[in-house]
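# Predicted model and sequence below, questions to follow.
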Amino acid sequence: MRLKTILLGLVGLVVVIVVGLVIAVATVDPNDYRSDIQDVVKDATGRQLTLGGDLELGISLRPTIVARDVELSNAEWGTQPQMVKAKELDVQVALLPLLSGDIHIVSLTVDGAEILLETNSDGVGNWQFGAQDAGDEVATDKMLLPRIDGMAITDASITYLDGVTGEKRKVDIESVELSTDSPSGPLNIDLKATSDDEGLTVSGVAGSLDALMGDDSAPVDLSIAAYGVTMTLKGTIGAVSSTGNLDLDLDVSSDDPSKAASVVGVTLPYDGALKVAGNVKGTFQTFDLTGLSADVAGIKATGDISVDQSGDRPSVSGKLAVDEFDVSAFGGGEGESSSDSSGKVFPSDPLPVEGLQAVDADIEVTIATLKTPFMVARNVVVPIKLASGDLKMDGMTATVAGSTVSSTLDLNASTATPAMVLKMTADSLNVGQMLKDAAVTEMLSGDGDLKVDVNGTGVSIAAIMASLNGEASLLMEEGQLDTGGLELLMGGSNALIGTLITSGTNAAQLNCLAIDYVIKDGIADQKVFLIDTQFSTVVGEGKIDLGKETIDLLITPKSKDVSLSVAVPVRVGGTLALKVGGLLGATIFPPALLLSLGDLGGGDHGCVTANANTEGSGGSGSGVVDEAGQVVDDAAGAVGTAVDDIGNEIDSLFGD
């Protein structure tokens, strides 16, 4: 529903009814001209005007005509017979201007009006009168526009029905007062209304009717408050009856914008205040928002945006710069539960498909500092292209712990079931520094190669994860692993500490950490899991069900020194929310799981070569497992077989 079209329709409606009534001003009994008045309205609108009560006339230099029980019929396809009902319509006109053919309305008062605005299934509005094409806007002849010094509306209501979406909304008008001293003078506006039990007020000054309806620009200084949002418009506006001519300073603020968002069917992903300011310049169809300054839940952005509404969907383009973006402001803050009310890590809330399909966009967003629960990224560049519901973010780059991370994301919501593709690569990523910057832990250090290549379909994040396919892995070497770091990687299990760290120490030299998951239909199969220190080697196998959010892993240790304690294989089971969810928050993978979702990359990695050559506990290979010597046969045999299997996987993965 375009506001300008509706306003012009209402103006046209008022004009033809008023002109019809004014015809009776010079008569002794206006009821004699009832049919003439109705014919004028019929010719102008194609609708039937019903004057249920007698017309009353007060004779003076400013005669007044009163009509009661006024009704205007609806479009043929309308949901009810009448488009407009009014208990009383009072029009006071200046008599002398009528001699020269001008209409000067001193005052117009409407009481008890009920107005129904609706569209049919094709989007055609009932305010589009006459035989015009469905897509044409209401034509208002400037020569018919009367001079109106004052207008008052009391106890009225406007109901809007969208025939396409089924949306229904009603505004109850307590009072509207419009006044001006002359046709070229400013128009004073004071409106008080309610909608959905929320107050709506408009007050201030707009330009003269002559200027607004003509091509000239007129000053505007308005304050609007509705649904907890306050907006001020100050500048100039003109050519309201045609393309519009806008040059306005805009200022919008709200302590709780969620109420206003719900009116247009949008659920905000954050809690917090909103403040937006900038200059709007252009027309109703195409305009630029320059000098934009926004503060959303404490996240500040600046930039320039262009909007084009001439196509099937609004199109937005431009550039935005964000100083610091903390994701904790969206989807839950620090200290909140990591899972929703169902105990799940991945949210099952529907993706904002309607929003993606409602607008096209070509925007580049730069973020100086991006904070997430598992990393801090700097110099982030996000190119956003959105067309017909297909969201592409190709060529995203960021600096994480001094390393460059590149990624692409495609979320195609143009079909009934959205499809997602995510790719991410990072070479020589300082994983320890990344976790330290994010204040997660300082107990793991070293560089790693990370790569993610996954895809899935679904109407929610949970559904996409349940259908996920692809591969994700991580390779680290020459780092350090503290006791706490081991617990982090093991999801809280400390049963293996005795085999990784010898007596008198709380840290071990990390020779190699290799993890690789192959994901099919939401099942992440742990093809490679290897932790090798100077004291021992740990291998693992198992699966993570991303749909059911369950873990089933078997971790098998082997000591390299007979002085170390011997640990039997440890099974890690349970749910993602229980094992790792509490560490990082609502919908973000914890480091243990995140580090597991990346591609090992290539290259000559010493620990990979060493473990790939291992032949088992009693073999003659040169791998690190052979250096362990003779320990308990059961444990050694178990880990030997596991390392042999994982060595084959690593060998296949790297082509060594």
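Happy to help now that I have it. Numbers count the residues shown, from 1 in each chain.

# Can you read off the backbone torsions of residue 356?
phi -70, psi -30 (degrees, to the nearest 10).

# per-residue pLDDT, residue 619?
Note for residue 619: predicted pLDDT of 35.

# With the one 5 residues further on instead?
According to the per-residue confidence, residue 624 scores 30 in pLDDT.

# let's number from 236 now, not from 1
In the new count, where the first residue is 236, that last one comes out as residue 859.

# Check which helices and strands the helix or strand containing residue 340 sits against.
Assessed by DSSP states H and E, residue 340 sits inside strand 339-346. Applying 3 or more CB pairs under 8 Å, 6 or more residues apart in numbering; DSSP states H and E, we find strand 339-346 packed against helix 238-257, strand 317-328, strand 382-383, strand 385-396. Every residue, glycine included, has its C-beta placed from N, CA and C.

# could you point out which element follows the last one?
Using DSSP H and E, the helix or strand that follows strand 385-396 in sequence is strand 403-414.

# quick one: contacts of that following strand?
Outside strand 403-414, the residues that touch it by CB atoms under 8 Å, 6 or more residues apart in numbering are 383-397, 422-431, 435, 498.

# if we can go back for a sec, per-stretch mean pLDDT over the helices and strands packed on strand 339-346, give me the minimum one.
Ranked by mean pLDDT, the helices and strands packed on strand 339-346 bottom out at helix 238-257, with a mean of 58.

# burial measure for the closest residue to residue 631 other than its chain neighbours, as a count.
Nearest residue to residue 631, sequence neighbours excluded (CB to CB, 6 or more residues apart in numbering): residue 642, at 4.8 Å. By other CB atoms under 10 Å, 17 other residues sit near residue 642.

# tell me the contacts of residue 642?
So residue 642 contacts 631, 632, 633, 657, 658, 659, 660, 687 (CB under 8 Å, 6+ apart).

# Mind checking what secondary structure it has?
With DSSP: H, G, I helix; E, B strand; the rest coil as the basis, residue 642 sits in strand.

# circling back to that earlier point, same question for the strand holding residue 340: list its buried residues.
Buried residues in strand 339-346, counted by 16 or more other CB atoms under 10 Å: 339, 340, 341, 342, 343, 344, 345.

# In CSV, list those residues along with distance to residue 471 and pLDDT.
Shown next, in CSV, are the buried residues of strand 339-346 (distance: CB to CB, whole Å; pLDDT from 0 to 100):
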residue, distance to residue 471, pLDDT
339, 26, 78
340, 26, 81
341, 28, 84
342, 28, 87
343, 26, 88
344, 30, 92
345, 29, 92
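
# low-confidence ranges in the stretch 486-635 of the chain?
499-502, 504, 563-578, 608-609 (pLDDT under 70).

# all helices of it, in order?
With helices called from DSSP state H, counting those that start in this stretch, the stretch 486-635 of the chain shows them at 493-498, 588-593.

# Between the ones you listed, which one is closest to residue 539.
Among those, helix 588-593 comes nearest to residue 539, with 21.8 Å by CB to CB.

# Identify each buried residue in the host helix or strand of residue 715, please.
In this structure, residue 715 sits in strand 704-717 according to DSSP H and E. By neighbour count on 16+ other CB under 10 Å, the buried set for strand 704-717 is 705, 706, 707, 708, 709, 710, 711, 712, 714, 716, 717.

# how far away is the closest residue to the fourth one other than its chain neighbours from residue 692?
Excluding the flanking residues, the one nearest residue 708 by CB to CB, 6+ apart is residue 751, at 3.7 Å. In this structure, residue 751 and residue 692 are separated by 24 Å, where distance is defined by CB to CB, to the nearest Å.

# in a strand, that's where residue 271 is, yeah?
No: counting by three-state DSSP, residue 271 is located in no strand; its state is helix.

# can you count the residues close to it?
13.

# how much space between the closest residue to residue 280 other than its chain neighbours and residue 388?
Leaving out its chain neighbours, the residue that sits closest to residue 280 by CB to CB, 6+ apart is residue 364, at 4.1 Å. Distance from residue 364 to residue 388, counting by CB to CB: 21 Å.

# And this protein, what are its domain boundaries?
236-414, 433-529, 654-889 (automatic domain parsing).

# which of the ones you listed has the lowest average pLDDT?
Here those differ in mean pLDDT, and the lowest is domain 654-889 at a mean of 63.

# Now, of the contacts of strand 403-414, which are buried?
Neighbour counting by 16+ other CB under 10 Å classes 383-389, 391-397, 422, 424, 426, 428-430, 435 among these as buried.

# related to what we said a few turns ago, tabulate the helices of the stretch 486-635 of the chain in CSV, adding columns for distance to residue 600.
CSV is the format used below for the helices of the stretch 486-635 of the chain (distance: least, CB to CB, whole Å):
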stretch, distance to residue 600
helix 493-498, 20
helix 588-593, 16
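
# count of neighbours near residue 311?
9.

# That should have said residue 357, apologies.
Here the count is done by other CB under 10 Å, and residue 357 has 10 residues near it.

# Next, the buried residues of stretch 778-796.
Buried residues in stretch 778-796 (16+ other CB under 10 Å): 779-782, 784, 786, 788-795.

# likewise stretch 591-608?
For stretch 591-608, a neighbour-count test (16+ other CB under 10 Å) marks 591, 595, 596, 598, 599, 600, 601, 602, 605, 606, 607, 608 as buried.

# Go through the residues you listed and say which is closest to residue 310.
Closest to residue 310, out of all of the buried residues of stretch 591-608 and judged by CB to CB, is residue 595, at 31.4 Å.

# For that closest one, which residues are in contact?
When contacts are taken as CB under 8 Å, 6+ apart, residue 595 is in contact with 546, 548, 549, 550, 551, 621, 622, 623.
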